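Undergrad: Give me a 3D structure for the following:
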Amino acid sequence: MTNRTIILPVGLSLLRGLQAKDIRLSSGHEPSQLGEVVSSLGDAVDDLSAELSSLKKLRVGSGDEAIFLATDTDDGFYSAKINALIAERRHGVCTAAERVPSLVLDNVQTFKKHGLPSLFGKLDQFTDRAVEQGRASLLNISGGIKPVLPYIAIYGLLRRIPLTYTFEMTRSLVTLPPLPINFDWTSLQTAAQALQRIDQDTCIEQRALEGLLGEDFTRLEGLFEDAGEGQVTLSTFGFMLLKELESAREKPVMLSPSASGELRQMQGVPKQQLESLLDRVRNPLWRAQKYHTFRGTDLTVYKPGDMPHRLAGWLESGMVYVAALYSEHDEYERDLLNRRRDQYRSGDFTPYWPELTPESLTGEEGTPEDKQLDKVVEEWKKERKKLEARISEVRKDGDRRLSESRRKHAQAKQQLDNVKQDRDGLRKQLDRVQRERDALKEQLNDVQQEIELIRHEADGPSDYSDESDDDAEETTS
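TA: Have a look, this model is predicted:
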């Protein structure tokens, strides 16, 4: 059975387990005290933490090693150290407790900008060392802090490292085997420059990222995530993509005996161009751009634009095996028809280490045609800066005018509100005057009626006296 390097993110379940059993450790005396704990608890010691329980289910032995990764907290690191001491005494495995710098949960910006890169750096450190030592890597996510676990799971999937975890219902150990997934390098070509910028500066402005990605921003934004204050940094996928590109630069190109001899015999500019080609072919983004189909052979051909140079070979274990080199187009078309992969043995190839160039990461071309465009590009950049400055001025002027317009609008609104209030007050006064007028009219009517009544009463007796005098005169007659 192959020896394993088992990497376990650590939570605080062990400290709670010790507390539940009323076990108290004295600082500086933990190794001797834990010996007694392991002896007294027996098999029950494996139930103290999810990490220890997983190691038991994995049936670790003296040939394995267990790496406990802790958050950047004293309690987390202490839990990792105690887990490591118990695992070493319990199973005889080689252990290590590692504190991941800046992996904190009380500051999301620190967690994203610094904690996650530190975490991936630790994972790379131990998985790469496992490869060098001939060990199989394994990630166990039964324990650990929940916000960290998805990132470790994604790391395992993209690095094709098996994942194990404890199934909650049955407490059985579940293994998720390496999945045959990889990045779509053809679709990711646009992101190369943005990745390089963030690799240098950790974060870039959101507006700058949108400018670099252009119309591909929506399609590629999953490689990046918000870092606050108008800046973005790499997401888990973006970080893994960058690591893939950096890893490509650290690998040699494997040359067949004939290709190696061909390169040694070449001189001058043709040799320099082929050496540049051998450097760039390590980059998967460049390969995705320069893949060329040639009928009549099962070798993969890489063609750098309009230049006559060609490489023919295949990809194996993340390295490019170059079976044949060509510096002339006619020779390439004539000779490649006679070559097939089964004519070569990988063991006969020798490593070739190109000198690192900026194009190794970005996949950008360094052809003479491209260099002739450098001045044009620089002039365009200067004009773009001027345009951006002008846009900034226009925006500031627009903001000022908008602010002034809003202020005047607020004043006008206040004046309108005052007019409405005055109007409502006048309406109330008018209503009151009308009511008073109506009351006065009623009073006037009453007075007029009284006057008429008085007149009527005053006119009544006069009419009666005249009638009596007439009657008296008739009687006398």
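Undergrad: give me every residue that touches Ile82.
TA: Leu14, Leu15, Leu18, Leu25, Glu30, Leu34 (C-beta atoms under 8 Å, 6 or more residues apart in numbering). To be clear about C-beta, it is placed using only N, CA and C from the backbone, and glycine gets the same treatment.
Undergrad: and the gap between the third one and Pro31?
TA: I take that to be Leu18. 15 Å (C-beta to C-beta, to the nearest Å).
Undergrad: swap in the second one?
TA: Leu15 sits at a distance of 17 Å from Pro31 (criterion: C-beta to C-beta).
Undergrad: More neighbours: those two, which one.
TA: More neighbours surround Leu15 than the other of Leu15 and Pro31, with 18 against 11 (other C-beta atoms under 10 Å).
Undergrad: Surely the more buried one and Tyr78 touch.
TA: Yes: using C-beta atoms under 8 Å, Leu15 is in contact with Tyr78, at 7.4 Å.
Undergrad: so how far is the longest helix that the chain contains from its chain's centroid?
TA: Ranked by residue count, the top helix of the chain under DSSP state H comes out as helix 374-476. Centroid separation between helix 374-476 and its chain, computed with C-alpha atoms, centre = their mean, to the nearest Å, is 62 Å.
Undergrad: Give the rounded mean pLDDT of it.
TA: Averaging pLDDT along helix 374-476 yields 79.
Undergrad: where do the strands sit along the stretch 1-150 of the chain?
TA: Counting by DSSP state E, counting those that start in this stretch, the stretch 1-150 of the chain has these strands, from start to end: 4-9, 65-70, 94-99, 136-140.
Undergrad: What number of residues are in the vicinity of Pro147?
TA: Pro147 has 13 neighbours, counted by other C-beta under 10 Å.
Undergrad: actually Ala96, not the one I typed
TA: Each residue near Ala96 was counted by other C-beta under 10 Å, and the total is 16.
Undergrad: how near is it to Pro252?
TA: From Ala96 to Pro252 the distance is 30 Å (C-beta to C-beta).
Undergrad: what helix or strand is the residue nearest to Pro354 when sequence neighbours are not counted on?
TA: For Pro354, ignoring the flanking residues on the chain, the nearest one in space by C-beta to C-beta, 6 or more residues apart in numbering is Asp279 at 3.6 Å. Per DSSP states H and E, Asp279 falls inside helix 268-280.
Undergrad: Quick one: mean pLDDT for that helix?
TA: On average, helix 268-280 scores 83.
Undergrad: just checking, what packs against that helix?
TA: helix 257-265, helix 359-362 (3 or more C-beta pairs under 8 Å, 6 or more residues apart in numbering; DSSP states H and E).
Undergrad: And those, which one averages the lowest pLDDT?
TA: Among those, helix 359-362 scores lowest, at a mean of 47.
Undergrad: Can you report phi and psi for Val10?
TA: Taking degrees, to the nearest 10, you get phi -110, psi 140 for the backbone angles of Val10.
Undergrad: residues near it, how many?
TA: 31.
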